[in-house]
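1. Provided below for reference: sequence and predicted model.
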Amino acid sequence: MRSRKPDQSGGKSRSAVRQPLRALVLLLAMMVGMLPWAGTAQAHGTIINPASRAYQCWQAWGNNHTNPAMQQQDPMCYRAFQANPDTMWNWMSALRDGLGGNFQGRTPDGQLCSNALSRNDSLNQPGQWRSTNVSRNFTIQLYDQASHGADFFRVYVSKNGFNPATQRLGWGNLDFITQTGRYAPAQNISFNVSTSGYTGQHVVFVIWQASHLDQTYMWCSNVNFV
């Protein structure tokens, strides 16, 4: 039986070289598998002004979400973080596929702010959500990580008499304001909205129909008309 001799030149044998090389390849493969994909499954967007409920919570508390002061200072975000932190960490992924434009038929009353996603039900809860001051004419800003573009945006405002502190939002609580045209792919999209007759606390409800697929996003932004 042949004995395997070491390289007479002082170098390592082929098998000795291959073993750490295999280990390195395996380690790299594992690291690649752990990386998040920035494709259509994860990279999306939201309304950042006036901030959607999930985005407002992430923006205000994302780096400080274990701070016990949140319970007193921002109780709605505190409840949302307690219910499911992923609602805030994935503020950009509140989407559903294949609605075919049947937004009202596929989205039950009381589930509009979560886009009927059970994991985000905390966003439907009535209460003292932080609000953004707006005038009767204001600008809506979308941030879209993946630059999908838009077939259109639909904008609604909650009716006078609706109380977001005590009521879940339903379709019958909304006034339709406007529907935009198409927008080319871009990370930042802004458009102006004109309203009249609103004062005080309201909800701005926005539907974004993305252009790359039949993907629909819905958000609630709490506003204070001043």
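-> It's in.
2. out of everything not next to it in sequence, what's closest to Gln111?
-> Asn124 (5.9 Å; Cβ to Cβ, 6 or more residues apart in numbering). Every residue, glycine included, has its C-beta placed from N, CA and C.
3. in the helix or strand where Tyr78 lies, what counts as buried?
-> Per DSSP states H and E, Tyr78 falls inside helix 75-83. Within helix 75-83, the residues scored as buried using 16 or more other Cβ atoms under 10 Å are 76-78, 80-81.
4. one step back: next one: the residue nearest to Gln111 from Ser211, what distance?
-> 27 Å (Cβ to Cβ, to the nearest Å).
5. before we move on, back to that, can you pull the phi/psi pair for the residue nearest to Gln111?
-> The phi/psi pair for Asn124 (degrees, to the nearest 10) reads phi -80, psi -10.
6. Check Trp89 too.
-> Dihedral angles for Trp89 - degrees, to the nearest 10 - are phi -60, psi -30.
7. Now do the same contact list for it.
-> Contact analysis of Trp89 by Cβ atoms under 8 Å, 6 or more residues apart in numbering lists 58, 62.
8. could you show me where the helices are in the chain, in order?
-> 14-34, 53-61, 70-73, 75-83, 86-89, 103-106 (DSSP state H).
9. Identify the residues contacting the third one?
-> Looking back up the chat, that one is helix 70-73. Contacts of helix 70-73 (Cβ under 8 Å, 6+ apart): 61, 64, 77-78, 81.
10. I am finished for the moment; much appreciated.
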